[in-house]
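In: Give me the fold of what follows.
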Amino acid sequence: MDVNDGTSPDQAVDPSPTITINHQDFLAAAAPNSAPQTLETLKTNKAIIEAVNNLFLETYESYTGRARMTGLGDAKRLIIHFHTAEARDLCVGSIHSEFLDLQFHLYDPKQLRSDKDLHAIQVTDIPFFITKPQLQSYFKKFGNLLSLHLYS
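Out: Below you'll find the predicted structure:
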């Protein structure tokens, strides 16, 4: 039997469709330490996350209900997740009545990683007798060190 589509008559075509799920995550972030009114009423990270989840689940249909805190001190960020860019952009452009001083901004962790890589240096051929505190004290004269890793 001559078949024009390149399959032999003995091969069966699989009738089940292939389903592809394209999951996109759109992120926004806020700095809770720069929101003294919010911190006055919501004292813990857990309380802030619960309040944001409660308000945003009612406000934005596309909000996932996932919020988390990252970092410490001035670098602390509240990261929230949306299914659509439109809902995230609406959240970023809005002032929320329950969090008047908590302002959300676009958040892209890939961009942050590339910025971190631009400020990183790699030093090789360091003698084995040099310790981590010695390296820290030497490089502090060039500026603040965010992290120092030694590998041998």
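
In: Return the distance of the residue nearest to R77 when sequence neighbours are not counted relative to D125.
Out: With sequence-adjacent residues excluded and distances taken as CB to CB, 6 or more residues apart in numbering, R77 is closest to A29, at 4.6 Å. Any C-beta I mention is one placed from the backbone N, CA and C, and that applies to glycine too. Separation of A29 from D125 (CB to CB, to the nearest Å): 39 Å.

In: Then Y107?
Out: 38 Å.

In: Counting neighbours, go ahead and name the busier of those two.
Out: Neighbour count, other CB atoms under 10 Å: between Y107 and D125, Y107 has more, with 20 against 4.

In: Cross-check the contact I'm expecting between that one and H81.
Out: No - between Y107 and H81 there is no contact under CB atoms under 8 Å: 9.6 Å.

In: what is in contact with these two at once?
Out: L27 (CB atoms under 8 Å, 6 or more residues apart in numbering).

In: so who does N53 touch?
Out: Here N53 is in contact with G65, A67 (CB under 8 Å, 6+ apart).

In: Quickly find the element holding it.
Out: Secondary-structure assignment from DSSP states H and E places N53 in helix 45-59.
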